[in-house]
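Asks: Need a 3D model of the sequence below.
(chains A and B)
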Amino acid sequence: MTDGERSRRFEEVALPHLDAAYNLARWLSGSASEADDVVQESFLRAFRFFDGFRGGNARAWLLAIVRNTWYSEWNRRPDAALVPFDDAMDDAGPLAGWNDGARSDPETLAMQRQDAEQVHRALADLPVPYREVLVLRELEDMSYGDIAAVAGIPVGTVMSRLSRGRRLLAAALRDRQQRPGIASGTATGAAQGADIGAARAGRRGSE
Amino acid sequence: MDCDEARDLLDAYADNALGLGEAARLNHHLQDCATCRAELDAIRDLGHALRAQAPYHRAPDALRRRVLAGLPQGAAAASPRPAQPGGRTVGRGVRAWASPANVANLAMGMIAACALVLAAVLWLQRPTAQGLLAQQIVASHVRALLSGHPIDVISTDEHTVKPWFNGRLDYAPPVVDLASLGFPLVGGRVDYVGARRVAVLTYHAGGHPIDLYLFPTTGGTAAPQTRSNDGYSLATWTAGGMRYWAITDAQAAVLQRFVQDLRSASS
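Replies: The predicted structure follows:
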């Protein structure tokens, strides 16, 4: 295969997933310019690894490269030390239920009335391991198997992260709804704080 | 099954990721348990809220051009040196190109990028066979909507729609229902496109119709290509000896998701 043919085949296979790659990079990094760089670097890497791609799900293959590129090269922010966290925390303690807590009103199904900005902020504030499985599942419509392949975790972990991520997100949205006047960020602070604590405890435990 | 066990399975149930046996057992529990039903509804509502409210970030056109220009084909065209994809240090990537030593390369890269854009513009203006077909499909789609008679067989059941084509076409189009993925099949019709009778399946995406044209082709398989004509989003690909064309007035991202779901459901 000539270089030209290889490039053409690569473009056919990979370019249709450029939007998916960018969307994931945006949600992982939270920044347009970082997402640009991550995606461009990912496509260079993907081209380099292209001979190793044996057909199958090209989107999952490419998104795995995007994710690894971001984790290995761009994830240098202060809270980066949280990742990877101890997966044991996914199973630690009972999951808070949708029907737990102080909600006594029957109007529990208020998610759809959340405005877009609140949903955006709440998702952006979730710890990355939860954010990425939710983005892959809800925005990319990926199967558990494909999410597991992209994130490099077992299917069981995909399931528990989705479950816990959804409950953290719901709690954050509920907080925002009950206290609409409060500046964004405060509401999820508690959830994130608890999470950071759990992750640190998990890390200490494994050392 | 008790509530504790049910709770652990609700997310996978909402995501259609449970095995048949477990799904049946959970179904049984859900019939009797209003609490778990409410929890399942909340999971689904959250999913709807995310899909409707959380932005799907589409790649900017400038990035698409940069990615294309960054591939070794572009580099090879711009530079007499052979492309060395393996030689670049991981992580330096694009930024390294901007260093002073590489200003000449950068300039060449920009010329290559301009050439690509020009080539793309010329390509778009040339009436290709595919472009002509795309125009016919837009016309057919609009005509069907205008006539108020976009569907000949109204059914959400693939086992009703598929046999309906018997005797109306000289091939049997594959019919897949995607209702569980948010794209319910609403019916089918026969239309005349590219000098032949073709099957058209109509799906819904929110309030938008998606028409799927499919007919046999001799080509192999080809990944989806997208384009937009007169405000409509189109995608075309080949698989299993069929060429597919999908058209909708919904956002390109919706069409993309539809195409991905259809392809994975058919494979």
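Asks: Now do the phi/psi pair for B:L18.
Replies: phi -90, psi 150 (degrees, to the nearest 10).
Asks: Quick one, grab the pLDDT at it.
Replies: Looking at B:L18, its pLDDT reads 84.
Asks: I'd guessed it sits against B:D11; true?
Replies: No. The pair B:L18 / B:D11 is not scored as a contact, 9.6 Å apart, by C-beta atoms under 8 Å. (Glycine included, C-beta is placed from N, CA and C.)
Asks: which non-adjacent residue is nearest B:L178?
Replies: B:D261 (5.5 Å; C-beta to C-beta, 6 or more residues apart in numbering or on different chains).
Asks: which residues of chain B fall in strands?
Replies: According to DSSP state E, chain B carries its strands in the segments B:153-154, B:185-193, B:196-205, B:208-216, B:222-229, B:232-239, B:242-248.
Asks: quick one on the thing from earlier: for the residue nearest to B:L178, grab the count of nearby residues.
Replies: 18 (other C-beta atoms under 10 Å in any protein chain shown).
Asks: what's it in contact with, if anything?
Replies: A:141, B:178, B:181, B:183 (C-beta atoms under 8 Å, 6 or more residues apart in numbering or on different chains).
Asks: Could you check the pLDDT of the residue lying closest to B:R37 once chain neighbours are set aside?
Replies: In this structure, B:R37 finds its nearest non-sequential neighbour in B:L30, 5.4 Å apart by C-beta to C-beta, 6+ apart. For B:L30, the pLDDT comes out at 92.
Asks: thinking B:L30 is in contact with B:R7, fair?
Replies: No. Using C-beta under 8 Å, B:L30 is not in contact with B:R7; the gap is 11.4 Å.
Asks: Mean pLDDT per helix and strand in chain B: which one sits at the bottom?
Replies: helix B:93-97 (a mean of 42; mean pLDDT, DSSP states H and E).
Asks: I figured B:H28 hits B:D2, correct?
Replies: No. Counting by C-beta under 8 Å, B:H28 does not reach B:D2; the two are 11.9 Å apart.
Asks: Pick out whichever of those two has more residues nearby.
Replies: B:H28 (12 against 9).
Asks: mind listing what the more buried one touches?
Replies: Contacts of B:H28 by C-beta under 8 Å, 6+ apart are B:M1.
Asks: So which of the strands of chain B is nearest chain A?
Replies: strand B:222-229 (4.8 Å; C-beta to the nearest C-beta).
Asks: and that closest one, is it in reach of chain A?
Replies: Yes. Using C-beta under 8 Å from any C-beta of the partner chain, strand B:222-229 reaches chain A at B:222-226.
Asks: Which helix runs longest in chain A?
Replies: helix A:155-178 (DSSP state H).
Asks: Alpha carbons of it, as CSV, please.
Replies: Taking Å, rounded to 0.1, in the frame of the first residue of the first chain, the C-alpha atoms of helix A:155-178 are listed here in CSV:
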residue,chain,number,x,y,z
VAL,A,155,-17.6,-3.7,31.8
GLY,A,156,-18.6,-4.1,35.4
THR,A,157,-16.7,-0.9,36.2
VAL,A,158,-18.5,0.9,33.4
MET,A,159,-21.7,-0.1,35.0
SER,A,160,-20.9,1.0,38.5
ARG,A,161,-19.3,4.3,37.3
LEU,A,162,-22.4,5.1,35.2
SER,A,163,-24.6,4.3,38.1
ARG,A,164,-22.6,6.4,40.6
GLY,A,165,-22.0,9.2,38.1
ARG,A,166,-25.7,9.5,37.4
ARG,A,167,-26.5,9.7,41.1
LEU,A,168,-23.8,12.4,41.7
LEU,A,169,-25.1,14.3,38.8
ALA,A,170,-28.7,14.1,39.9
ALA,A,171,-27.7,15.2,43.4
ALA,A,172,-25.8,18.2,41.9
LEU,A,173,-28.8,19.2,39.8
ARG,A,174,-31.1,18.8,42.7
ASP,A,175,-28.9,21.1,44.8
ARG,A,176,-28.8,23.7,42.0
GLN,A,177,-32.6,23.5,41.6
GLN,A,178,-33.3,23.9,45.3
